[in-house]
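Trainee: no FASTA, just this:
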C-alpha cells in the first residue's frame, strides 16, 4: 500500500475561513479518508467510502459540502443517519465547521417533538440531519421538500441496513432531485449497500477504500480479557479500574437492569458515572451524553451507544457483558482509538464464553491478551437491585471525595498473593 503522507486542508482546496474554523477545532491535518474524499466532493463527484470507524468520515463529507453551500440560501443538504445520537453529533460538528458563515443546521429524529422540528424547518435551514423514519414523516406532512436537496449523504449506511432502514433510505433517495450529488459512507460494504450505490448514484462515481479488507478494528486498540464468575465480575471490574486508571471509559452491558445495577454500585464507591440506555427518556439520554462528552469519566451503556458515538477522547471500552457476536464487539470497541489515538478494549468472560476469544480474534483479525486481576473487596451487584429507573445525570454520592475513584470509597485493595494458573474463576491468569 502507498504510504499516506500528511498534508493540510488548504493544500486539498479548503478555503481559509473554513480552515480557520477547523484549526479552532484542533483539526490541522486531514485524515487519510479526508484527503482522498474532500477533493472529489469539491469536484462534484458521487462517492462511496468504505472506511473503519474513527477515521474521520464525518469531516470528510461535512467540510467540502459546507464550503460548497457557503453563501447559498435555503435547504440544499440532507444527511441521513441511523440514530438520533449520531444526528446530534453530526449537526454539532457541522455547526462548528460552519462557524460564522451563516449556515443553519437542524436535526430531525424520532423520540422528540415533531412539532418543534417542523417549526425549525420553517426557519429555512441549509442542512438537515435526520433519521430515515422521521424524514419520511416530515415529507408526508409536507414539512420537508426533498426536491430541494442538492447534496445527499448516507452516513453509517451499514448500520441503517442492520436496523432495517434500507427501504426507507431507498424511498428518500427516490424522492430527491435527480441531479443531486450523492455520498455514501460505511464501515463495511455488504451487497445491499453496493446495490444502493449502483441504483442511485452516477456511473462515474468514485469508490474509496481506506484500510485493508481484512482489518476490522483500528490497529491502535489493544485488546484484553479476563475470566470471572458472574458473582465476581463487578469486583474484577473495579480491579481493572484501579490498575489501569481509565481516563474516559464506556462500560457495556447487555441489559438495562445490569446497567442500572453497575451505575448504582459505582456511584456507591464514589466514582464519576453516567448512564445511557433505551429505558431513559430522550432528554435524559442527551444529558448523559452531553455530560460524558464534556467531563464524564465513566458511561454505563447498553448497545444503544455501540454505533455512531464520536467522542474522540475515550480511552477504554469495557465489556462487562460479552457482546452477542463479533460485529457487536467491533462496533463497541470502535468507540475508542478515534482519529489515530490509542485505546484499550477489555472484556469480562465467563467459563462458557471461552469460545468467544477464538471467534473474535479470528473474525476481527486481532490479538487478545488475557490479564490476571485480583477481585476487589467491594460489595457485589446483588446489593444493588434496581427498583424503577435510575437517574442519568451526575449525582453526588455520599462518598463524594477522597478516593482514587473520585470519592470516599469503601474499596479495599486486595492483598498480594500467588496467581493460580488452574483457577480462572479467581480472576487470575490461567
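Mentor: Received it, and whenever you're ready, just let me know what you need. Keep in mind it's a predicted model, so treat the numbers as computed, not measured. Residues are numbered from 1 along each chain as shown.
Trainee: List the residues that contact the residue nearest the centre of the chain.
Mentor: With distances taken as CA atoms, centre = their mean, the chain has residue 309 as the residue nearest its mean C-alpha position (2.3 Å). Applying CB atoms under 8 Å, 6 or more residues apart in numbering, one finds that residue 309 lies in contact with 85, 86, 89, 289, 335. Just so you know, the C-beta spots here come from the backbone N, C-alpha and C atoms, and that holds for glycine as well.
Trainee: ditto for residue 116
Mentor: Residues in contact with residue 116 (CB under 8 Å, 6+ apart): none are found.
Trainee: for residue 205, same thing?
Mentor: 45, 46, 47, 48, 182, 197.
Trainee: And for residue 53?
Mentor: For residue 53, the contact set (CB under 8 Å, 6+ apart) comprises 187, 218, 331, 334, 335.
Trainee: now with 10 Å?
Mentor: For residue 53, the contacting residues are 156, 159, 187, 217-218, 307-310, 330-331, 333-338, by CB atoms under 10 Å, 6 or more residues apart in numbering.
Trainee: Residue 252 now?
Mentor: Going by CB under 10 Å, 6+ apart, residue 252 touches 258-259, 299-306, 317-323, 328-329, 332-333, 335, 347.
Trainee: Quick check: it vs residue 310, distance?
Mentor: If you measure residue 252 against residue 310 using CB to CB, to the nearest Å, the figure is 17 Å.
Trainee: Please apply the same query to residue 65.
Mentor: Note on residue 65: its distance to residue 310, by CB to CB, is 17 Å.
Trainee: got it, and residue 10?
Mentor: Using CB to CB, residue 10 is found at 24 Å from residue 310.
Trainee: what does residue 122 give?
Mentor: When distance is defined by CB to CB, residue 122 is 29 Å away from residue 310.
Trainee: and if you look at residue 269?
Mentor: Per CB to CB, residue 269 is found 29 Å from residue 310.
Trainee: now swap in residue 120 and tell me
Mentor: Using CB to CB, residue 120 is found at 22 Å from residue 310.
Trainee: Of these two, which one has the most company?
Mentor: Neighbour totals were compared for residue 120 and residue 310, and residue 310 leads with 22 against 17 (other CB atoms under 10 Å).
Trainee: hang on, isn't that one packed against residue 92?
Mentor: Yes - when contacts are counted by CB atoms under 10 Å, residue 310 is listed as touching residue 92 (9.3 Å).
Trainee: quick one: common contacting residues for the two?
Mentor: Taking CB under 10 Å, 6+ apart as the contact rule, residue 310 and residue 92 both touch 58, 293.
Trainee: okay, the contacts of residue 205 in CSV with distance to residue 112 next?
Mentor: Conversion of the contacts of residue 205 to CSV gives the following (distance: CB to CB, whole Å):
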residue, distance to residue 112
45, 34
46, 31
47, 31
48, 31
182, 27
197, 31
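Trainee: Can you tell me how far the closest residue to residue 144 other than its chain neighbours is from residue 120?
Mentor: With CB to CB, 6 or more residues apart in numbering as the measure, residue 138 is the residue that lies nearest to residue 144, at 4.0 Å, once sequence neighbours are left out. Using CB to CB, one obtains 10 Å as the distance from residue 138 to residue 120.
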